[in-house]
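**Q** attaching a predicted model along with its sequence, questions to come.
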Amino acid sequence: YLFIKSETPMIKVAVLDDYQNAFEHIIDVDSYKDKYDFKVFNESFISEEAAGIALEEFEALLIMRERTPITKSLLENLPNLRYLMTSGMRNNAIDLEATKVRKILVCGTEINPNPTAELAWTLILGLARNLKQEVDNMFQGYWQTSIGLELKGKMLGLIGLGKIGTQMAKIAQAFGMQVSAWSENLDLTHANKIGVLPMSKEDLLTNSDIVSIHVVLGDRYKNLITQKEFNLMKKSSFIINTSRGLIINESDLVKALEDETIAGAGLDVYDKEPLPQNSPLWDTPNLIMSPHVSDQIAGWEKNSARFFGENFKRYLKDVPLHNICNPDLGY
């Protein structure tokens, strides 16, 4: 069932992008020392060539973020690699097609929709109450410089009504908001069951006071929101993105905010992460940003480590693994 095991007694495992130094606190390395030889990389590699040199000897990678691109060309320079483990079930930094060609098994962890929904609502509430502006002004000696927005009676437009979108809808309804949704594969039965109004993308953008994105990035959703879409939105509306940066055209978003085509935006994801210091987003008005922390909660890393350890135990016993991301390898 599984890939070919190493003939050496120790499996070399690289932990990538552990820039919070979390790994040493969430997994008891000593309990695995007879089977695994761990090496933690806290910083990003300066180039793909540097990554290839550093990772050449490893048989397994535990990928904690999406910062290191696992490309076809990188995989070609990792002859010993047989196994990838990523947090969550989707990691856009991994070329899954290339892993299939090289017979490298990719597994993930369980998906918890709550943290992302909670962070999205943090951004929404921050925008509605002008929180960033008010806090900044307060520290400069000003007091009550703006008027907030009441959410009750407003419409939340959800682009995507999967697990996270569904959680968003429930919270919006608790606030007394109307909720609409659109996606290319929207489940109309599910939408009706939870009291969400299906709309076309154009109608959703035109009628929503807040638009929140919760779809999986793919070719059909890349650059889904451009200047054309911003022009459909209300001048008083907000847009929230906790999904993936490439879904919104960043240049068009900057222009829409500078021209006051829309009233504000909340972002947790970006085209390039970490956000480059020369990004125009830093100086864009009416924008609240967070550094891709939507899934960074207590227990998140421990959950990843638990799946990592459990899957490796299964690997050693020749039993099926959990949460395979590329299941059509034929194992």
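**A** Nice, I can see it. Note that this is a predicted model, so its numbers are computed, not measured.
**Q** from here on, contacts and neighbour counts on C-alpha atoms
**A** OK.
**Q** residue 82 and residue 177, how far apart?
**A** When distances are taken as C-alpha to C-alpha, to the nearest Å, residue 82 and residue 177 turn out to be 49 Å apart.
**Q** more crowded one of these two?
**A** Comparing residue 82 with residue 177 by other C-alpha atoms under 10 Å, the one with more neighbours is residue 82, at 21 against 18.
**Q** count of residues packed around the closest residue in space to the more buried one that isn't next to it in sequence?
**A** Spatial nearest neighbour of residue 82, excluding adjacent residues (C-alpha to C-alpha, 6 or more residues apart in numbering): residue 104 at 4.7 Å. Summarising burial for residue 104: neighbours were counted as other C-alpha under 10 Å, giving 24.
**Q** doesn't residue 84 make contact with residue 104?
**A** Yes. In terms of C-alpha atoms under 8 Å, residue 104 counts as a neighbour of residue 84; the distance is 7.2 Å.
**Q** give me the element residue 37 is part of.
**A** strand 36-41 (DSSP states H and E).
**Q** got the buried residues for that strand?
**A** Residues of strand 36-41 classed as buried by neighbour count (16 or more other C-alpha atoms under 10 Å): 36, 37, 38, 40.
**Q** which ones are touching the last one?
**A** Translated: residue 40. Listed by C-alpha atoms under 8 Å, 6 or more residues apart in numbering, the contact set of residue 40 reads 14, 15, 16, 18, 23.
**Q** tell me the pLDDT of it.
**A** The predicted local distance difference test score for residue 40 is 90.
**Q** same check on the first one?
**A** In the predicted model, residue 36 carries a pLDDT score of 82.
**Q** a strand runs through residue 206, doesn't it?
**A** No. Using DSSP: H, G, I helix; E, B strand; the rest coil, the assignment for residue 206 is helix, not a strand.
**Q** quick thing: my sequence starts at 447, can you match it?
**A** All set: I'll call the first residue 447, so the last point we hit is now residue 652.
**Q** just give me the neighbour total for it.
**A** Per other C-alpha under 10 Å, the neighbour tally for residue 652 reads 18.
**Q** thinking it is in contact with residue 683, fair?
**A** No. Counting by C-alpha under 8 Å, residue 652 does not reach residue 683; the two are 9.5 Å apart.
**Q** could you check the pLDDT of the residue nearest to residue 494 when sequence neighbours are not counted?
**A** Closest residue in space to residue 494, ignoring its immediate chain neighbours: residue 520 at 6.6 Å, by C-alpha to C-alpha, 6+ apart. Reading off the per-residue confidence, residue 520 sits at a pLDDT of 97.
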